[in-house]
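Novice: When you get a sec, could you give me coordinates for this:
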Amino acid sequence: MSSYSKKILFVDDSPSMRLFVELSLSSKFEIDTACDGEDAIHKMEGKEYDLFFVDIYMPKIDGISLIKKIRSNSLNKFKPIIVISTEADDDLLRRGRDAGATGWLVKPFDEDSLMKTICHLLKI
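Specialist: Alright, predicted model coming up:
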């Protein structure tokens, strides 16, 4: 698979997490990052992504609301959305699934876990 053939939007209010993801993935994928749900919505205007990573607790528009917004676009109805959070309690998992999340990745995670998740979801 050639570089940049898949587009990923990574949404997290942590600058260090966004930098880690950009450094880890930018040689293999087209990576856009957003600092919150509002920023993510602006990034999605006129652009189609293959995969979304969404933090739950963010300012302006939280992750659950953002997942619902992503799913409301017919282009994203079946695209994978992975929740990223330091928490993984049952209520939060249920809320994420109910909003339309495909899966969950608990922070902190390493580059290998991130790549395995991406390769599995994008079937590459």
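Novice: who's in contact with the closest residue in space to L51 that isn't next to it in sequence?
Specialist: Spatial nearest neighbour of L51, excluding adjacent residues (CB to CB, 6 or more residues apart in numbering): I8 at 4.8 Å. Yep, even glycine has a C-beta here, placed from its N, CA and C like the rest. Contacts for I8 were tallied using CB atoms under 8 Å, 6 or more residues apart in numbering; they are L25, F29, E30, I31, D32, Y49, D50, L51, F52, F53, I118.
Novice: Quick check: I8 is in a strand.
Specialist: Yes: under DSSP: H, G, I helix; E, B strand; the rest coil, I8 sits within a strand.
Novice: So what sits opposite it in the bridge?
Specialist: As for beta bridges, I8 partners with I31, L51 under DSSP bridges.
Novice: Let me know the pLDDT of it.
Specialist: pLDDT, I8: 97.
Novice: Pull out the buried positions in stretch 13-31.
Specialist: For stretch 13-31, the neighbour count (16 or more other CB atoms under 10 Å) marks D13, M17, R18, F20, V21, S24, L25, K28, F29, E30, I31 as buried.
Novice: what's the closest of those residues to S113?
Specialist: The nearest member of the buried residues of stretch 13-31 to S113, counting by CB to CB, is S24 at 10.4 Å.
Novice: OK, contacts around that closest one?
Specialist: S24 is in contact with E111, L114, M115, counting by CB under 8 Å, 6+ apart.
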